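1. I'd like to go over a predicted model; first the sequence, then the structure.
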2 protein chains.
Amino acid sequence: MTVEFLPAPGTPVELIDTPAMIVDLDAAEANIRDMQQVVASGGSSMRPHTKTTKSPYWALKQIEAGAIGVCCAKVGEAEVLVEGGVNDILITSEIVSVSKINRLAALARHASIKVVVDNAENAREISEAAVSAQSEIGVLVDVNIRINRCGVEPGEPTTTLAKIVDKLPALHFAGLNGYEGHVFGFGDERIPETLEALEKLQHAVSEVNAAGLPIETVSAGGTSTHDITCKVPEVSEVQAGSYIFMDGQYVDQKLSFRPALTIMTQVISRPVPDRAILDVGLKSIANDYGPPRVMGLDGAEFTKLSEEHGTLSLTGSAQKLKHGDVVHLLPSHAGTTINIHDHYFCVRNGILEDVIEVAGRGKFR
Amino acid sequence: MTVEFLPAPGTPVELIDTPAMIVDLDAAEANIRDMQQVVASGGSSMRPHTKTTKSPYWALKQIEAGAIGVCCAKVGEAEVLVEGGVNDILITSEIVSVSKINRLAALARHASIKVVVDNAENAREISEAAVSAQSEIGVLVDVNIRINRCGVEPGEPTTTLAKIVDKLPALHFAGLNGYEGHVFGFGDERIPETLEALEKLQHAVSEVNAAGLPIETVSAGGTSTHDITCKVPEVSEVQAGSYIFMDGQYVDQKLSFRPALTIMTQVISRPVPDRAILDVGLKSIANDYGPPRVMGLDGAEFTKLSEEHGTLSLTGSAQKLKHGDVVHLLPSHAGTTINIHDHYFCVRNGILEDVIEVAGRGKFR
């Protein structure tokens, strides 16, 4: 495969070729520290979700700061994390297909692997693969606490599935997984909404306990709800992930975390005074949560994002923007933007400190 | 980097692990033949755009069918094409930054490289780099024919820039580039719209000719306009690209090409009769032109596409869908979907024939 010409550490940020995904290391590291502190003081452990970051580099930094392990979404992501030195992983999506289940069972020989299930037959298949691989897999029953995606209902369906898992060979019933991902924002209105969802999880916990099954782990939460979820006594760990970089969807909220990731782009055409074209398009920045935000350039607004071009409308002082100028964009959604980049360019005080591969990019199987 | 476990040729399509990007080879090959025939009989050459396909594999198939070369959007894509054996490439985006221009000049030692410009200073920088590299670069003046993105206006601005390019050392003034990308669809209403845009290009051609500059190449067109553009006498080559796979945005149009690319996915959760969850999300299928279309499953509709989950609402016979079942999706936009995959799984008559790398994925610099 054709090489990538990458800048070396020591390069000033403005000399990194565009489009480039730039991380402000001071901001990302502060976000990791702050989240760890908030969740620990609320009484829970941190198990950050790595579907956003897709890299063992960030996972190991989070573990170093106090996280007990991480989450990921796919077996392929878990393989990348184990190869990168992470040894405690919860996969928060149901894993289906013979091939993926066999990979899961093999991986569990090399690290502590937990997975969620919401189907008895799926649990049996995982058990058989783990017996063959002579490994043990931790299983959390996935409970629908109102996101209405995967998951069984709290109460009898959860308890029944927990009992089945508990009896299956080579599986270890590890607890319950919930995700109140339907709650978004940072305002006070999310407090009752979050607590209502978590009541369903608390109900599931008490029923499983009443059936005589010990529960080690109750995993829940995200960036929007971490400060509420971490204080719920039944919750043992919080899965927040987006907080490490934040993004445009959070920027108008009451923020305790700093935006740490931008896409640096360049003006490649300046055809008329009120229009500039950037070398960034849908293949280097995502817009599923809306257009990116132009940083530090009043009067510049996105009017179009095509596959390989970004069109800015310019008014006032933004019309001083010149051919070749560099422009920093805050993506509206970091998760889907990181997913189309191969490298993080990690910068401190304006100087490139490290280039990190997005090793889990494309690992959706 | 962690390996990808890939199925070998001979594998039945339903045993390929999901999510997977499946190409129907018969359909894609027929599309290549049909487009070549239409454009040639209209009097133009084919120079297909490879920003959609991002792979020398498809470019070489198109050249074998009669194309005179290909287009791409970025220097990184051109590097991948040259390494893959393609030797005639037009880069249809303005190339800005010292590093990219130096790579362009180096690449022009190994293949016929043409690039568009819309700025005199940019042309001078490219000339200087080509002089240093002892290479020659073909330059097309980029003309704005109403897409209102990059490009100079037809008439005096185009002629002035053409004269500047013509005098610069190590550059070869090769002609004009236009793109009527604002025209979309397959209905008759696009005919006057296309011809109106191309009149601007014709005007630019006659002015440059009047200034005594010979024009070898007039490059224009896309999938939506190929049958009109190829018949305009001044146009020498057509840049259509999407036609090779087609996608959901074209499916309701009057189609002369067949959809050839789907995302194969699997049901990972079946919590209630009217809901199924697929193992596909925004990290494996794009929705910038809307949600995917569910193929061959009446009563199934997308209600949500989150990062790693696809939620289907099911009515009627679609409620027979079972845990583990495979579902084929037609992406609304192939270009941005291919951009998040690493492999094409090429299938003929239900059997995997080849696995092809998306070698140009992520080459946006």
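-> That came in fine, so what should we check first?
2. what domains does the record give for chain A?
-> A:13-22+A:255-357, A:25-245 (automatic domain parsing).
3. got those as TSV, with mean pLDDT and mean neighbour count columns?
-> C-beta: built from backbone N, CA, C; applies to glycine. Putting these into TSV (pLDDT from 0 to 100; neighbours: other Cβ atoms under 10 Å in any protein chain shown) gives the following:
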stretch	mean pLDDT	mean neighbour count
domain A:13-22+A:255-357	96	20
domain A:25-245	97	21
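4. TSV please, covering the ones you listed and showing distance to B:V116.
-> Output for these, formatted as TSV (distance: least, Cβ to Cβ, whole Å):
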stretch	distance to B:V116
domain A:13-22+A:255-357	10
domain A:25-245	34
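5. and the residue of the stretch 251-365 of chain A nearest chain B?
-> Closest contact between the stretch 251-365 of chain A and chain B, by Cβ to the nearest Cβ, is at A:S269 (3.8 Å).
6. that residue in helix, strand or coil?
-> strand (DSSP: H, G, I helix; E, B strand; the rest coil).
7. also A:D166?
-> Look at A:D166: counting by three-state DSSP, its state is helix.
8. wait, isn't it in contact with A:G175?
-> No: A:D166 sits out of contact with A:G175 when judged by Cβ atoms under 8 Å, with a separation of 11.1 Å.
9. ok, back up a step: distance of the residue of the stretch 251-365 of chain A closest to chain B from B:H49?
-> With distances taken as Cβ to Cβ, to the nearest Å, A:S269 is found 18 Å from B:H49.
10. what is the burial count for A:V3?
-> Using other Cβ atoms under 10 Å in any protein chain shown, A:V3 has 8 neighbouring residues.
11. residues from the stretch 201-350 of chain A in reach of chain B?
-> Neighbours of chain B within the stretch 201-350 of chain A, by Cβ under 8 Å from any Cβ of the partner chain: A:266-271, A:275, A:277, A:279, A:281-284, A:286-288, A:304, A:306-309, A:311, A:323-324, A:335-336, A:339-342.
12. and if we set it to 7 Å?
-> A:266, A:268-269, A:271, A:277, A:279, A:282-284, A:287-288, A:307-309, A:311, A:323-324, A:335-336, A:339-340, A:342 (Cβ under 7 Å from any Cβ of the partner chain).
13. report the closest residue of the stretch 1-150 of chain A relative to chain B.
-> Closest point on the stretch 1-150 of chain A to chain B, by Cβ to the nearest Cβ, is A:C150, at 3.8 Å.
14. sec struct for the residue nearest to the spatial centre of chain A, please.
-> The residue lying closest to the centre of chain A (Cα atoms, centre = their mean) is A:T52, at 2.9 Å. Secondary structure, three-state DSSP: A:T52 is coil.
15. need the contact list for it.
-> Shown in contact with A:T52 (Cβ atoms under 7 Å, 6 or more residues apart in numbering or on different chains): A:241-242, A:244, A:334-335, A:338.
16. now with 8 Å, please.
-> By Cβ atoms under 8 Å, 6 or more residues apart in numbering or on different chains, the residues touching A:T52 are A:241-242, A:244-245, A:334-335, A:338.
17. with secondary structure and distance to A:N349 added, can I get these in TSV?
-> As requested, the contacts of A:T52 are exported to TSV (DSSP: H, G, I helix; E, B strand; the rest coil; distance: Cβ to Cβ, whole Å):
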residue	secondary structure	distance to A:N349
A:G241	coil	26
A:S242	helix	25
A:I244	helix	20
A:F245	coil	18
A:A334	helix	22
A:G335	helix	27
A:I338	helix	23
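18. okay, those residues in JSON lines with distance to A:S93 next?
-> Below are the contacts of A:T52 laid out as JSON lines (distance: Cβ to Cβ, whole Å):
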{"residue": "A:G241", "distance to A:S93": "14"}
{"residue": "A:S242", "distance to A:S93": "17"}
{"residue": "A:I244", "distance to A:S93": "20"}
{"residue": "A:F245", "distance to A:S93": "21"}
{"residue": "A:A334", "distance to A:S93": "19"}
{"residue": "A:G335", "distance to A:S93": "14"}
{"residue": "A:I338", "distance to A:S93": "18"}
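19. among these, which one sits closest to B:G185?
-> Nearest to B:G185 among those is A:G335, at 32.8 Å by Cβ to Cβ.
20. out of everything not next to it in sequence, what's closest to that closest one?
-> The shortest distance from A:G335 to any residue other than its chain neighbours is 4.6 Å, reached at A:T52 (Cβ to Cβ, 6 or more residues apart in numbering or on different chains).
21. can I get the longest helix along chain A in CSV? Just the C-alpha atoms.
-> For chain A, the helix with the greatest residue count under DSSP state H is helix A:190-210. The C-alpha coordinates for helix A:190-210 follow below in CSV (Å, rounded to 0.1, in the frame of the first residue of the first chain):
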residue,chain,number,x,y,z
ARG,A,190,-32.0,15.2,31.9
ILE,A,191,-31.9,14.3,35.7
PRO,A,192,-35.5,12.9,36.0
GLU,A,193,-35.1,11.3,32.6
THR,A,194,-31.9,9.6,33.5
LEU,A,195,-33.2,8.5,36.9
GLU,A,196,-36.4,7.1,35.4
ALA,A,197,-34.3,4.9,33.0
LEU,A,198,-32.0,3.8,35.8
GLU,A,199,-34.9,2.8,37.9
LYS,A,200,-35.6,0.1,35.3
LEU,A,201,-32.0,-1.1,35.8
GLN,A,202,-32.4,-1.0,39.6
HIS,A,203,-35.6,-3.0,39.3
ALA,A,204,-33.7,-5.6,37.1
VAL,A,205,-30.9,-5.8,39.7
SER,A,206,-33.3,-6.4,42.6
GLU,A,207,-35.1,-9.2,40.7
VAL,A,208,-31.9,-10.9,39.7
ASN,A,209,-30.7,-10.6,43.3
ALA,A,210,-34.0,-12.0,44.6
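22. what separates it from the chain centre, distance-wise?
-> In terms of Cα atoms, centre = their mean, to the nearest Å, the centre of helix A:190-210 is found 23 Å from the chain centre.
23. and if you look at stretch A:351-365?
-> So, by Cα atoms, centre = their mean, the centroid of stretch A:351-365 is 13 Å from its chain's centroid.
24. all set now, cheers.
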